[in-house]
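Peer 1: here are the coordinates; sequence isn't available:
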């Protein structure tokens, strides 16, 4: 079977029949010989009509395939020899092959040309490898393998996938995970499909898939069994928090109760990808608001510690009283889990984590940031600065002032204070029970190296 995948004219020119035999199975020597012969025939100017179109196509697609196989698996790097066979400078090799493919994009050659051009763009120009055929499948698998080897995280793999829930039509359990996690999940699904398609193409005689067979075996072996973490999605009413702190379990405090969800690990398996079952790490557990809510939170965290990890972050809806957040902190500590910090929504929609320490017991030392419903007081040494947040002093409702402006104003109040030659002491934040969580969250967003939260 030739790279045409469909029969050409009934009686091609003798040179074309010879080239077809050379590329029946891709081998380095035969492939370079075929390109040399076709270059000679095309320069001779004797080919016409269908013979000319097929010669241009065969020369372009063979060059593209050798270029895509160059340096892959058992194939040595042949870019220099390929450039000489084509009669082009090595630096112009990829653009020359792409132009040759574009010029041969006619009729029945179009699908194979599009596949080769997309694969070249993905490998050499960093383009996203759209699914077209065997060539893009192989480049895609190579890209996925490289990412999983270097940085097996959903945000690294997400650019190669699409969100299966973008229209709300996906498995309900997928909605429990962040968008980057869902995109990473779809990337893994496509990787499994690419392996299957390449194996079938090789079985049916596709010369490119057959040439890549040994490399595909190594790629598949490396990919299958690889695991990637899926991260929980945040409730819609959670506000912004930037930070890349890591965690195992998210505790999301909401108006109607608490959601507890740990990260899930999804492993590539020949049988497909499986999301966690109820009760497994990654499944979502809802605790309804009531007298037993905090006790159930303690029990749930204790059950998940051994198998799902010990590091916990807490998010809260902005309109909730801060006491709900403090209660969750106390429950996390009673469960024996490690509290990392507060969780919120980063600019990319993923979970951001602002780490802080917890201070309990007697009134903490300064520097102290005390948050009241209509003011924030900053105390350091013998100095006190009061930042009023009341509408009378601001001339407008506090909610009308953009959040970033409120953070800047708060930062200005404490800028330059408590400076010392060594590392500054942690800024301790104390919040009145009457404060809503949004005010505390804004204070926690201050760009301060170390922050501690006083929890009574």
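Peer 2: Received, thanks. This is a predicted model, so every value here is computed, not measured.
Peer 1: just the helices in the stretch 301-450 of the chain please.
Peer 2: 322-334, 391-394, 403-414, 437-444 (DSSP state H, counting those that start in this stretch).
Peer 1: let's have these in CSV, adding distance to residue 301 and mean pLDDT.
Peer 2: All C-beta atoms are positioned from the backbone trio N, CA, C, and that covers glycine. Below are these laid out as CSV (distance: least, C-beta to C-beta, whole Å; pLDDT from 0 to 100):
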stretch, distance to residue 301, mean pLDDT
helix 322-334, 6, 94
helix 391-394, 40, 45
helix 403-414, 30, 70
helix 437-444, 20, 87
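Peer 1: of those helices, flag the one that's most buried.
Peer 2: Most buried of the helices of the stretch 301-450 of the chain by mean neighbour count (mean count of other C-beta atoms under 10 Å) is helix 437-444; its value is a mean of 22.
Peer 1: residues in contact with the residue lying closest to residue 245 once chain neighbours are set aside?
Peer 2: Nearest non-adjacent residue to residue 245, counting by C-beta to C-beta, 6 or more residues apart in numbering: residue 353, 3.4 Å away. Residues near residue 353 by C-beta atoms under 8 Å, 6 or more residues apart in numbering: 241, 243-247, 313, 340-343.
Peer 1: what about 6 Å?
Peer 2: Listed by C-beta atoms under 6 Å, 6 or more residues apart in numbering, the contact set of residue 353 reads 243, 245, 313, 341, 343.
Peer 1: in TSV, list the helices of the stretch 301-450 of the chain along with distance to residue 72.
Peer 2: What follows is the helices of the stretch 301-450 of the chain, written out as TSV (distance: least, C-beta to C-beta, whole Å):
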stretch	distance to residue 72
helix 322-334	49
helix 391-394	64
helix 403-414	48
helix 437-444	49
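Peer 1: which one of those helices lies nearest to residue 377?
Peer 2: Closest to residue 377 of the helices of the stretch 301-450 of the chain is helix 403-414 (C-beta to C-beta; 9.3 Å).
Peer 1: what segments of the stretch 101-250 of the chain are helices?
Peer 2: Counting by DSSP H, counting those that start in this stretch, the stretch 101-250 of the chain has helices at residues 110-125, 134-150, 154-157, 179-203, 207-211, 213-223.
Peer 1: coming back round to it: among the helices of the stretch 301-450 of the chain, which is nearest residue 455?
Peer 2: Between residue 455 and those, the tightest spacing by C-beta to C-beta is seen for helix 322-334, at 5.1 Å.
Peer 1: what's the angle between that closest one and helix 437-444?
Peer 2: With axes from the mean of the first three to the mean of the last three C-alpha atoms, to 10 degrees applied, the angle from helix 322-334 to helix 437-444 works out at 60 degrees.
Peer 1: neighbours around residue 372, how many?
Peer 2: Burial of residue 372 is recorded as 17 neighbouring residues (other C-beta atoms under 10 Å).
Peer 1: measure it to residue 456 for me?
Peer 2: Per C-beta to C-beta, to the nearest Å, residue 372 is found 15 Å from residue 456.
Peer 1: same check, this time on residue 407
Peer 2: Look at residue 407 and residue 456: by C-beta to C-beta, they are 25 Å apart.
Peer 1: so residue 309 makes contact with residue 248?
Peer 2: Yes - with contacts counted by C-beta atoms under 6 Å, residue 309 reaches residue 248, the gap being 2.6 Å.
Peer 1: do a quick rundown of the strands in the chain.
Peer 2: Counting by DSSP state E, one finds strands in the chain at the ranges 227-230, 249-253, 257-262, 264-267, 284-288, 311-316, 338-345, 351-355, 357-359, 368-372, 375-380, 383-388, 427-431, 451-454.
Peer 1: what's the closest of these to residue 195?
Peer 2: Comparing those by C-beta to C-beta, strand 264-267 comes nearest, at 14.7 Å.
Peer 1: ok, that closest one: who's next to it in the sheet?
Peer 2: If you go by DSSP bridges, strand 264-267 pairs up with strand 227-230 (antiparallel).
Peer 1: go through the strand it pairs with and flag the buried ones.
Peer 2: Within strand 227-230, the residues scored as buried using 16 or more other C-beta atoms under 10 Å are 228-230.
Peer 1: quick revisit: most neighbours, which of the contacts of residue 353?
Peer 2: residue 313 (27 neighbours).
Peer 1: and that residue, what are its bridge partners?
Peer 2: residue 250, residue 341.
Peer 1: for it, give me its contacts.
Peer 2: Contact analysis of residue 313 by C-beta under 6 Å, 6+ apart lists 247, 250, 340-341, 343, 353.
Peer 1: farthest-apart pair in the residues you listed, please.
Peer 2: That would be 250 and 341, which, of the contacts of residue 313, are the farthest apart (C-beta to C-beta) at 11.5 Å.
Peer 1: can you redo the strands of the chain as JSON lines with mean pLDDT and distance to residue 23?
Peer 2: Listed next are those as JSON lines, based on pLDDT from 0 to 100; distance: least, C-beta to C-beta, whole Å:
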{"stretch": "strand 227-230", "mean pLDDT": "86", "distance to residue 23": "38"}
{"stretch": "strand 249-253", "mean pLDDT": "96", "distance to residue 23": "55"}
{"stretch": "strand 257-262", "mean pLDDT": "95", "distance to residue 23": "53"}
{"stretch": "strand 264-267", "mean pLDDT": "85", "distance to residue 23": "39"}
{"stretch": "strand 284-288", "mean pLDDT": "94", "distance to residue 23": "54"}
{"stretch": "strand 311-316", "mean pLDDT": "96", "distance to residue 23": "56"}
{"stretch": "strand 338-345", "mean pLDDT": "94", "distance to residue 23": "54"}
{"stretch": "strand 351-355", "mean pLDDT": "93", "distance to residue 23": "51"}
{"stretch": "strand 357-359", "mean pLDDT": "88", "distance to residue 23": "67"}
{"stretch": "strand 368-372", "mean pLDDT": "84", "distance to residue 23": "73"}
{"stretch": "strand 375-380", "mean pLDDT": "78", "distance to residue 23": "74"}
{"stretch": "strand 383-388", "mean pLDDT": "64", "distance to residue 23": "75"}
{"stretch": "strand 427-431", "mean pLDDT": "86", "distance to residue 23": "70"}
{"stretch": "strand 451-454", "mean pLDDT": "87", "distance to residue 23": "65"}
